[in-house]
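Enquirer: Make a model of this:
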Amino acid sequence: MEQQDKAAILASIRQAVESGIVRNDEIRTVLQVSSVGTASAGVSEQNTISRVTAVQLIQYIGGFIVLLGIGTFVATFWQDIGSLERVSIAFGGALATYILGLSLMTRDTVSHSGVAFQLIAGSLFPFGFAVVFEELFGLNLTPELLTTISAVLLVGYALTYLRIKHVIFTIFMLLHSITFLYAGVYSILPDLRTEFFAHLTLIVGAAGIYIGSTFRGTLNEPLASLMYFLGSVAMLVSPALVFGSTPIWELLYPFLISFVLYIALLLKSKRILIVSVLSIMWYVMYLTGEYFADIVGWPVALILSGILLIVIGYLAVRYKDKVI
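Expert: Numbering: from 1, shown residues only. As a prediction, this is how the structure comes out:
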């Protein structure tokens, strides 16, 4: 029935135009007015979202100020209190803040006060666990102990996420997963060279981009762009740090950049594109200073580098049209 009505309306409009009753410019005017109304509604909605975001930001800043105040207050008399008092303040405070945050998140879904308390608790928990192990068990913070703490917190936040699905718990799970990985590897193989961790960071960066892609269309979608940015930075910066000790990367680096650019096109990510373009510019400057400055002289090398950077910038703008 709706399709028949739609066809009848369109036929009436066509007949009115053909008979001269309605002109084409009048139809365009009506459509423009409708578009302006839709755009105004969109602007109003965007302003509402911006205000909510500003309120959230104020709450998060307030949470960190509270955290800073707690740290300053405790530091003034930390040496004068006993072990149980230290455990109660450090771990007990983190646990109480965590429970309070959960309570607020379940009862008040409009404001983000509970998330602010979770930020405080998440920052205090590692310190609280370290104090527990040191004061009650006499264990200093080592890579092995850090691995244990990260594993406990990872499991704890995973269970919390099953109960209350929120981005803040995903953030803490990601942070403790990375800490668990690096601390665990270092505790098992403490004699590994820097090159190994550079390659590990490359793999972690690629995994981060993949995880970000899985966040699309889910509750964690706000983290997708951040994962793209951090993942691409990890992929492109870590090999560059070992150019001196692993010269093969000087030859493979352009292929890596090309691969990351392909990922940017595939995921339509401007952040990955920006990181890739900056890496290309840095690579051109690196090659110029390392191999060509002594041959052609610094003035000529700078001129050539500038021309190449202009070309790269032009190509990046053209490439950006495909990404957006």
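
Enquirer: if I pick the residue nearest to the spatial centre of the chain, what's in contact with it?
Expert: Geometric centre of the chain, nearest residue: Leu226, 2.0 Å, by Cα atoms, centre = their mean. Leu226 makes contact with Gly212 under the criterion Cβ atoms under 8 Å, 6 or more residues apart in numbering. (Glycine included, C-beta is placed from N, CA and C.)

Enquirer: Please identify which helix or strand holds it.
Expert: Using DSSP states H and E, the element containing Leu226 is helix 224-240.

Enquirer: circling back to that earlier point, and the residue nearest to the centre of the chain, how far from Thr194?
Expert: 26 Å (Cβ to Cβ, to the nearest Å).

Enquirer: do the same with Glu144
Expert: For Glu144 relative to Thr194 (Cβ to Cβ), the value is 21 Å.

Enquirer: hey, where'd the helices end up in the stretch 1-150 of the chain?
Expert: Per DSSP state H, counting those that start in this stretch, the stretch 1-150 of the chain carries helices over the ranges 2-19, 24-77, 83-87, 93-107, 113-137, 143-163.

Enquirer: Repeat that for the stretch 201-324 of the chain.
Expert: Ranges of helices within the stretch 201-324 of the chain are 224-240, 248-267, 270-287, 293-296, 298-323, based on DSSP H, counting those that start in this stretch.

Enquirer: any chance of these in TSV, plus mean pLDDT and distance to Thr160?
Expert: Converted to TSV, these look like this (pLDDT from 0 to 100; distance: least, Cβ to Cβ, whole Å):
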stretch	mean pLDDT	distance to Thr160
helix 224-240	96	20
helix 248-267	91	29
helix 270-287	88	29
helix 293-296	61	55
helix 298-323	66	36
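
Enquirer: what's the most buried one of those?
Expert: Comparing the helices of the stretch 201-324 of the chain by mean neighbour count (mean count of other Cβ atoms under 10 Å), helix 224-240 ranks first with a mean of 21.

Enquirer: how much distance is there from that one to the middle of the chain?
Expert: 10 Å (Cα atoms, centre = their mean, to the nearest Å).

Enquirer: Just the angle for it relative to helix 270-287, thanks.
Expert: 20 degrees (axes from the mean of the first three to the mean of the last three Cα atoms, to 10 degrees).

Enquirer: In CSV, list the C-alpha atoms belonging to helix 224-240.
Expert: C-alpha atoms of helix 224-240 as CSV (Å, rounded to 0.1, in the frame of the first residue of the first chain):
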residue,chain,number,x,y,z
ALA,A,224,38.6,1.5,17.8
SER,A,225,40.2,4.8,16.6
LEU,A,226,42.6,4.8,19.7
MET,A,227,43.5,1.2,19.0
TYR,A,228,44.2,2.0,15.3
PHE,A,229,46.5,5.0,16.3
LEU,A,230,48.4,3.2,19.1
GLY,A,231,48.7,0.0,17.0
SER,A,232,50.1,1.8,14.0
VAL,A,233,52.5,3.8,16.2
ALA,A,234,53.8,0.5,17.8
MET,A,235,54.2,-1.2,14.4
LEU,A,236,56.1,1.7,12.7
VAL,A,237,58.1,3.0,15.6
SER,A,238,59.5,-0.2,17.1
PRO,A,239,61.4,-1.3,14.0
ALA,A,240,62.8,2.2,13.6
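
Enquirer: quick one on the thing from earlier: go through the helices of the stretch 1-150 of the chain and find the least confident stretch.
Expert: Ranked by mean pLDDT, the helices of the stretch 1-150 of the chain end with helix 24-77 in last place, scoring a mean of 59.

Enquirer: between Glu144 and Thr194, which one's more packed in?
Expert: Glu144 (14 against 11; other Cβ atoms under 10 Å).
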